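J.: heads up, no residue letters with this:
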């Protein structure tokens, strides 16, 4: 969801638009001790073909994220050229054989950018490039851009912002990119799920101890079985039966932690027909058997266990 911002009576799409177009750079007296730190952040507009940066001619040890607000730029990776139109970003690590530049076919290239270094920055950005590719369309998922826009606006208001706060903001940006890499349409909060999928999840949570079928879930969603299965995995990242097992394991973990019921009784109560099957599924989700979990062997028996993909 995009939040709109006001500057006087003008509706702004991003927080940085309440500021002036500028850039903020950082120099550090010590070696890179922090796992991620900001080198440069800016909002710029170029119209000259002289704007050209080569990834093998400018030092190294840092990563660049640049998002097109208006106009168009170009990115060359090896022998391949990529257009960078509005609402498209690129992510690259320096040094590498790349080059980004102003497209002579465009009238302008306006963009937000951030340059970061540190061991975590390079590790995360390298992995994100592997999963997303160097060019990232963001028309439908603006969260990574909003994270950078908010940081830019925050620094414009307070150039002395604490460096640890800045690093925390950069982790937010990276995690939004990881969320995108994990699955563009995956929704984590139940209340954000589409109505039909939310209805199926409510059914699972209220009747997880019963012998629910995918047909039952599709019926609760009001969708055909085929369409339901496709939409459910698209939005949750799990197949319907996997999601049901996840709910059952979470409930079983709670009972193991807070009751003296036997493993056999908990298996029955959480919808597992056979104890051996329950033990097998629990181990596949949690990494230990139910008894090992209860006794705190290899993993702490927390008060509430949440299973994520």
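T.: Received it, and whenever you're ready, just let me know what you need. None of the values given here were measured: they were computed from a predicted structure.
J.: Extract the residue ranges of the protein that are flagged as low pLDDT.
T.: By pLDDT under 70, the weakly predicted segments of the chain are 1-12, 32, 184-191, 298, 301, 303, 309.
J.: from the middle of its chain, how far away would stretch 241-253 be?
T.: 23 Å (C-alpha atoms, centre = their mean, to the nearest Å).
J.: So the residue nearest the centre of the chain, which state does it fall into?
T.: Centroid-nearest residue in the chain: residue 179, 1.7 Å away (criterion: C-alpha atoms, centre = their mean). With DSSP: H, G, I helix; E, B strand; the rest coil as the basis, residue 179 sits in helix.
J.: now residue 41
T.: strand.
J.: how much space between it and residue 133?
T.: Going from residue 41 to residue 133 by C-beta to C-beta, to the nearest Å gives 23 Å. For the C-beta atoms, the positions are set from N, CA and C on the backbone; glycine is no exception.
J.: One more: residue 262?
T.: Distance, residue 262 to residue 133, using C-beta to C-beta: 51 Å.
J.: now do residue 20
T.: Residue 20 sits 33 Å away from residue 133, going by C-beta to C-beta.
J.: ok, the two, which is more surrounded?
T.: residue 133 (14 against 7; other C-beta atoms under 10 Å).
J.: wait, doesn't residue 154 sit right on residue 161?
T.: Yes - contact criterion C-beta atoms under 8 Å: residue 154 and residue 161 qualify, at 6.1 Å.
J.: Distance check, the nearest residue to residue 232 once chain neighbours are set aside against residue 221.
T.: With C-beta to C-beta, 6 or more residues apart in numbering as the criterion, residue 232 has its nearest non-adjacent residue at 5.1 Å, and that residue is residue 240. Residue 240 is 9 Å from residue 221, where distance means C-beta to C-beta.
J.: Report the set of residues contacting both of these two.
T.: 200, 228, 232 (C-beta atoms under 8 Å, 6 or more residues apart in numbering).
J.: Pick the one among those closest to residue 73.
T.: Comparing these against residue 73 with C-beta to C-beta places residue 232 closest, at 38.3 Å.
J.: Can you get me a residue count around that closest one?
T.: The tally of other residues near residue 232 (other C-beta under 10 Å) stands at 27.
J.: cool, and the one 5 residues further on?
T.: Neighbourhood size, residue 237 [other C-beta under 10 Å]: 17.
J.: ok, now residue 87?
T.: By other C-beta under 10 Å, 17 other residues sit near residue 87.
J.: From residue 292, how far out is residue 131?
T.: Taking C-beta to C-beta as the measure, residue 131 falls 33 Å from residue 292.
J.: in stretch 144-154, what counts as buried?
T.: Within stretch 144-154, the residues that count as buried by 16 or more other C-beta atoms under 10 Å are 144-154.
J.: Stretch 55-69 now?
T.: Across stretch 55-69, burial judged by 16+ other C-beta under 10 Å covers 55, 62-69.
J.: go on, stretch 200-214?
T.: Buried residues in stretch 200-214 (16+ other C-beta under 10 Å): 200-201, 203-204, 208, 212, 214.
J.: Nearest to residue 121 among those residues?
T.: residue 201 (36.1 Å).
J.: Which residues does the helix or strand encompassing that closest one contact?
T.: Assigned by DSSP states H and E, residue 201 falls within helix 195-206. For helix 195-206, contacts defined as C-beta under 8 Å, 6+ apart pick out 190-191, 193, 212, 216-218, 220-223, 228, 231-232, 235-236, 240, 243-244, 247.
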